[in-house]
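Q: quick one: sequence and predicted model below, then my questions.
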Amino acid sequence: MTQSINRSRLLVASCFGIITTAMIFAIRAGVLTQLGTEFNLTSKELGYVNQMAFLGFPIAMIFGGPLYNIIGPRKIIWVAFVTHLIGIISTIFADGFWTLLLSTFFVGLGNGTVEAACNPLVADMYEGKLKTQMLNRLHMWFPGGIVIGSLVSKYMTEASLGWQLQMGIIIIPLVIYGLLFAGQAFPETKAEEGVSNVTNIKAMLSPLYIFMLLCMALTSISEFGTTQWVEPILGKAGASPLLILALVTGLMAVGRYFAGPLVHNLNPTGVLWTSALITTIGIVLMSQSTGTMVYVSAVIFAIGVCYFWPTMIGFVAEYIPKSGAFGLSIMGGMGMFSTSIFQPIIGGWIDDEKRNAAARGLTGDAMELAAGQEVLDNMAIFPAILIIAFGVLWFMMRNKKPDHQQDETLVAEQPQL
């Protein structure tokens, strides 16, 4: 007798997989300063540690995506579970820089494999508009999970509970998604039809796709570069960095959940240009603010970055449809890869600005604050470039209509981070 598919259970399990990924992101951001103190690491070395998480993610997606249709969702899910478990446990027992690098890479592999498994799994379970609705519900839990992780890390830190216990708390959602997936029947995979890999690659070699690929690198670093370093950058600004992270990601969760249809109905180039402008303003304001005004500028930043990722994916699906699911996966992978590349660079900026502040006679909290504000000024360069880039894009695309022959499920199957 064939076991029936429990769609609700599989959806909830997938949500807990995304929550696990998001809590890892948030808690690692929250304990970054503690890791530096514990192992006597410079900010640049911490950047290399962060880099491994963002590097493991696209590697897992690039290989996990094609393997999904070959070995099926069940095996991909358990690869995600095992790599997550190895990454978390080995982080807890890390004893220095190199073990942190390795453990963080496994964490990144787990994060990327969850995305590679859960996106097509949910897409295969639902049809039509319900498919998009359920995928939006799934990906609401990335910013939602960051809110949970940020608050957990904040209160555990205030209770003098160390970074090992904070990493250990992530095992709870990990075990939950493992138990929920255990023993379940999975839907049959639906391999892409009608478009060959050769056609995909030809479309991906077009100037417009390459242009968008470069823009994706800048949109991702504008969002993740700022949020991943929130503790070292804003730790002395008179506001709680983890509350800022929770505020930003909470607003993003609400914005994406309720305004998704609005974004899809608007001109995507206009949304992207406006997002770049607001993001730039938000980062610049954060670089000049202290106390309560840091929260105000964080709200502006959240509004700016909220629609970057889904609108970039949606633009490619509408205007470069022949790139197919392959092209959309590479676009998402580029976002995480660029973030990984910039992690040690941002860490190096923090070290350099601390030295510059010390040379000006600043010490202690004043030195930390000055360094963080200068780094934020550097970060504002990325969305500022995008204001120009998306302005050019709008001019290029102002009279071009999207190709509606693209299967809308290709958009739904991409990770809406």
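A: Ah, there it is. Numbers count the residues shown, from 1 in each chain.

Q: just for the chain, where's the confidence low?
A: 1-3, 65-66, 68-69, 123, 127-133, 135-136, 189-197, 259-266, 324-326, 401-417 (pLDDT under 70).

Q: domain map for it?
A: 1-188, 195-417 (automatic domain parsing).

Q: distance from the chain centre to the last one, please.
A: Here domain 195-417 shows a centroid-to-chain-centroid distance of 10 Å under the convention Cα atoms, centre = their mean, to the nearest Å.

Q: and the shortest one, by the same measure?
A: Centroid displacement of domain 1-188 relative to its chain, using Cα atoms, centre = their mean, is 11 Å.

Q: against which helices or strands is the lengthiest helix in the chain packed?
A: Counting residues, the longest helix found in the chain (DSSP state H) is helix 324-359. Judged by 3 or more Cβ pairs under 8 Å, 6 or more residues apart in numbering; DSSP states H and E, helix 324-359 is in contact with helix 43-71, helix 197-204, helix 207-228, helix 308-319, helix 364-379, helix 408-412. C-betas here are computed from N, CA, C, even on glycine.

Q: nearest to residue 181, out of these?
A: Proximity to residue 181 (Cβ to Cβ) singles out helix 43-71 among those, at 14.7 Å.

Q: show me what that closest one is packed up against.
A: Using 3+ Cβ pairs under 8 Å, 6+ apart: helix 43-71 touches helix 7-30, helix 32-38, helix 73-92, helix 97-125, helix 324-359.

Q: about what we covered before: so of the helices and strands packed on helix 324-359, which one's packed in deepest?
A: helix 308-319 (a mean of 24; mean count of other Cβ atoms under 10 Å).

Q: just the CA trace of that one, in PDB.
A: The C-alpha trace of helix 308-319 is given here as PDB (Å, rounded to 0.1, in the frame of the first residue of the first chain):
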ATOM      1  CA  PHE A 308      16.100  43.500  -3.300                       C
ATOM      2  CA  TRP A 309      16.300  39.700  -3.400                       C
ATOM      3  CA  PRO A 310      12.800  38.700  -4.600                       C
ATOM      4  CA  THR A 311      12.700  41.600  -7.200                       C
ATOM      5  CA  MET A 312      16.000  40.600  -8.700                       C
ATOM      6  CA  ILE A 313      14.900  37.000  -9.100                       C
ATOM      7  CA  GLY A 314      11.500  38.200 -10.500                       C
ATOM      8  CA  PHE A 315      13.200  40.600 -13.000                       C
ATOM      9  CA  VAL A 316      15.400  37.800 -14.400                       C
ATOM     10  CA  ALA A 317      12.300  35.400 -14.600                       C
ATOM     11  CA  GLU A 318      10.300  38.100 -16.500                       C
ATOM     12  CA  TYR A 319      12.900  39.500 -18.900                       C
END
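
Q: name the helices or strands packed onto that helix?
A: Using 3+ Cβ pairs under 8 Å, 6+ apart, helix 308-319 sits against helix 207-228, helix 241-265, helix 268-288, helix 324-359, helix 408-412.

Q: now distance to residue 71 too, for these, in JSON lines please.
A: Listed next are the helices and strands packed on helix 308-319 as JSON lines, based on distance: least, Cβ to Cβ, whole Å:
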{"stretch": "helix 207-228", "distance to residue 71": "28"}
{"stretch": "helix 241-265", "distance to residue 71": "31"}
{"stretch": "helix 268-288", "distance to residue 71": "35"}
{"stretch": "helix 324-359", "distance to residue 71": "17"}
{"stretch": "helix 408-412", "distance to residue 71": "21"}
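
Q: one step back: of all the helices and strands packed on helix 43-71, which lies closest to residue 374?
A: The nearest among the helices and strands packed on helix 43-71, by Cβ to Cβ, is helix 324-359 at 4.3 Å.

Q: between helix 43-71 and the closest one, find me the angle.
A: Orientation check (axes from the mean of the first three to the mean of the last three Cα atoms, to 10 degrees): helix 324-359 against helix 43-71 gives 170 degrees.

Q: now the helices and strands packed on helix 43-71 as JSON lines including mean neighbour count and distance to residue 53?
A: As requested, these are exported to JSON lines (neighbours: other Cβ atoms under 10 Å; distance: least, Cβ to Cβ, whole Å):
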{"stretch": "helix 7-30", "mean neighbour count": "23", "distance to residue 53": "7"}
{"stretch": "helix 32-38", "mean neighbour count": "18", "distance to residue 53": "11"}
{"stretch": "helix 73-92", "mean neighbour count": "20", "distance to residue 53": "9"}
{"stretch": "helix 97-125", "mean neighbour count": "24", "distance to residue 53": "4"}
{"stretch": "helix 324-359", "mean neighbour count": "21", "distance to residue 53": "8"}
